[in-house]
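Engineer: Below is the sequence, then the predicted model.
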Amino acid sequence: MGEIPYSRQWIEPDDIEAVQAVLRSDWITQGPKVKEFQAGLAKSCGAAGAVAVSSGTAALHLACLAAGVGPGWEVITSPISFVASANCALYCGAVARFVDIEPATYTLDPDKLEAYLSAAPALSGSARRVIVPVHFAGHPCRMGDIRRLAERHGAQVIEDAAHALGAKWHDEDGTRHLVGSSSHSVLTTFSFHPVKHITTGEGGAVLSNDAGLLDRVRMLRSHGITQDPARIAGGEGPWYYEMQALGFNYRITDLQCALGLNQLERLEAFVTRRRWIASQYAEAFRDCPGVVLPRERPGAESSWHLYVLQLRLERLRLSKREIVEALAGRGIRTQVHYIPIPLQPYYRQRFGFKPGDFPLAEDYYRRALSIPLYPAMTDSDVARVIDGVKAVLAA
């Protein structure tokens, strides 16, 4: 009996054929498939435009730069995320700050954000604040509250939606919003790592409704170079280009975007399957005394990138490590998402964060266990995970 990983990609023969077709074409990088993928992604999310890049981390970095983040700025995010959600601030010379999570959804808590912003000293000069809410595990943050706070305190919002392609939420008047539409932010970023909702191998994207910001991202993606006649004064011939900013090689290839385009066609089916698996887990573990189940806030539709159980360790005989090892012995691979960013050695040593600074995030981490969830799981895989988790927790 094979192992069930906590997540994995789903590649079909037509995905392979799409990549092979690019290999047989005239373009393998920065060709027509990049533009097609960007257009398809923007349409799928309801945004005006998208710029595809080499990774989700690159997307966050470029989004911050496009928004003007630099020395003296603050970037406020959640302590429960991958380190890139905070590192993007440091890449720009800004300072990373953290606001603790909501205990129900494990996303950044707007009430705690309001308390932080109300108490925070004013920034000097032209420096500003950027809020980076993380749609953790596929669950949308309370974007209405976050946008109102940002407007009140003169901050910008950049959504880290690496976990949440295909997620939706409704505001107070019932209007539906797609994560990625940037309806409540200046920019939104995605990741297309193999464990995400669709994959390009590695890859990411920045979406926005602001054409100027997207132009800035597009130029920074490729060394800060442009050949756009509207941006160049004069020019010596058709070969002429200008480096107008210090950019990066954060480009994505036609090979990757051909795969992404094909995957994007199955996004709805992928999310539907994820939601079905999550519903099976919710039903199976509903009366299990050893765990607290993840929940959807009313009006939110998670795309269920992760299914994170909170272990009630005080009711269990086994430690978290013993549970992980026992499940691995049954061929069920789990993971922990995430160690709180402020507890990473780099952040502790450089910025002085210490245990106890973010108690809800730290308690979440102590109990968190991500069990397998990905669309390619068979019904028998799901049943095997359920049986295995129940058996180990009852040990």
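Structural biologist: Cool, got the structure.

Engineer: Send me the longest helix that the chain contains as PDB with only the CA atoms.
Structural biologist: Taking DSSP state H as the criterion, the chain has its longest helix at helix 267-284. Listed next in PDB are the C-alpha coordinates belonging to helix 267-284 (Å, rounded to 0.1, in the frame of the first residue of the first chain):
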ATOM      1  CA  LEU A 267      -9.500  24.900 -11.300                       C
ATOM      2  CA  GLU A 268     -13.200  24.700 -10.500                       C
ATOM      3  CA  ALA A 269     -13.100  20.900 -10.500                       C
ATOM      4  CA  PHE A 270     -10.000  20.900  -8.300                       C
ATOM      5  CA  VAL A 271     -11.700  23.200  -5.800                       C
ATOM      6  CA  THR A 272     -14.900  21.300  -5.800                       C
ATOM      7  CA  ARG A 273     -13.000  18.100  -5.100                       C
ATOM      8  CA  ARG A 274     -11.000  19.800  -2.200                       C
ATOM      9  CA  ARG A 275     -14.300  21.000  -0.700                       C
ATOM     10  CA  TRP A 276     -15.800  17.600  -0.900                       C
ATOM     11  CA  ILE A 277     -12.800  16.000   0.900                       C
ATOM     12  CA  ALA A 278     -13.000  18.700   3.500                       C
ATOM     13  CA  SER A 279     -16.600  17.900   4.000                       C
ATOM     14  CA  GLN A 280     -15.800  14.200   4.500                       C
ATOM     15  CA  TYR A 281     -13.200  15.000   7.100                       C
ATOM     16  CA  ALA A 282     -15.600  17.400   8.900                       C
ATOM     17  CA  GLU A 283     -18.300  14.700   9.100                       C
ATOM     18  CA  ALA A 284     -15.900  12.000  10.100                       C
END
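
Engineer: Quick one: list the elements packing against that helix.
Structural biologist: strand 307-311, helix 379-393 (3 or more CB pairs under 8 Å, 6 or more residues apart in numbering; DSSP states H and E). (Glycine included, C-beta is placed from N, CA and C.)

Engineer: Buried deepest among these, which one?
Structural biologist: strand 307-311 (a mean of 22; mean count of other CB atoms under 10 Å).

Engineer: Following that one in sequence, what is the next regular element?
Structural biologist: Sequence-wise, the next helix or strand downstream of strand 307-311 (DSSP states H and E) is helix 320-329.

Engineer: name the helices or strands packed onto the next helix or strand after that following helix?
Structural biologist: Downstream of helix 320-329, the first helix or strand assigned by DSSP H and E is helix 345-351. With contacts taken as 3+ CB pairs under 8 Å, 6+ apart, helix 345-351 sits against strand 95-98.

Engineer: what about the strand it packs on, distance to the chain center?
Structural biologist: Computed by CA atoms, centre = their mean, to the nearest Å, the chain-centroid distance of strand 95-98 equals 18 Å.

Engineer: quick one: buried residues of the helix or strand just after that strand?
Structural biologist: Tracing the chain C-terminally past strand 95-98 and defining elements by DSSP H and E, one meets helix 110-119 next. By 16 or more other CB atoms under 10 Å, the buried positions in helix 110-119 come out as P110, K112, L113, E114, Y116, L117.

Engineer: same check, this time on stretch 16-27
Structural biologist: Using 16+ other CB under 10 Å as the test for burial, stretch 16-27 gives A18, V19, V22.

Engineer: residue closest to the middle of the chain?
Structural biologist: Centroid-nearest residue in the chain, with CA atoms, centre = their mean: A162, separated by 1.7 Å.

Engineer: Can you tell me the strand partners of the helix or strand following the longest helix of the chain and which way each runs?
Structural biologist: With elements assigned by DSSP H and E, the helix or strand that comes after helix 267-284 is strand 291-292. Partner strands for strand 291-292, per DSSP bridges, with pairing direction: strand 307-311 (antiparallel).

Engineer: As PDB, could you dump the C-alpha coordinates of stretch 223-238?
Structural biologist: The C-alpha coordinates for stretch 223-238 follow below in PDB (Å, rounded to 0.1, in the frame of the first residue of the first chain):
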ATOM      1  CA  HIS A 223      15.600  43.600 -14.800                       C
ATOM      2  CA  GLY A 224      13.800  46.900 -14.700                       C
ATOM      3  CA  ILE A 225      14.100  47.000 -18.500                       C
ATOM      4  CA  THR A 226      11.500  48.300 -21.000                       C
ATOM      5  CA  GLN A 227      11.200  48.600 -24.700                       C
ATOM      6  CA  ASP A 228       7.800  50.300 -24.500                       C
ATOM      7  CA  PRO A 229       7.900  53.300 -26.900                       C
ATOM      8  CA  ALA A 230       5.600  55.300 -24.500                       C
ATOM      9  CA  ARG A 231       8.200  55.000 -21.700                       C
ATOM     10  CA  ILE A 232      11.400  55.700 -23.800                       C
ATOM     11  CA  ALA A 233      12.500  59.100 -24.900                       C
ATOM     12  CA  GLY A 234      13.700  58.800 -28.400                       C
ATOM     13  CA  GLY A 235      15.600  55.600 -29.200                       C
ATOM     14  CA  GLU A 236      18.300  54.500 -31.600                       C
ATOM     15  CA  GLY A 237      16.400  51.800 -33.400                       C
ATOM     16  CA  PRO A 238      14.200  48.700 -32.900                       C
END
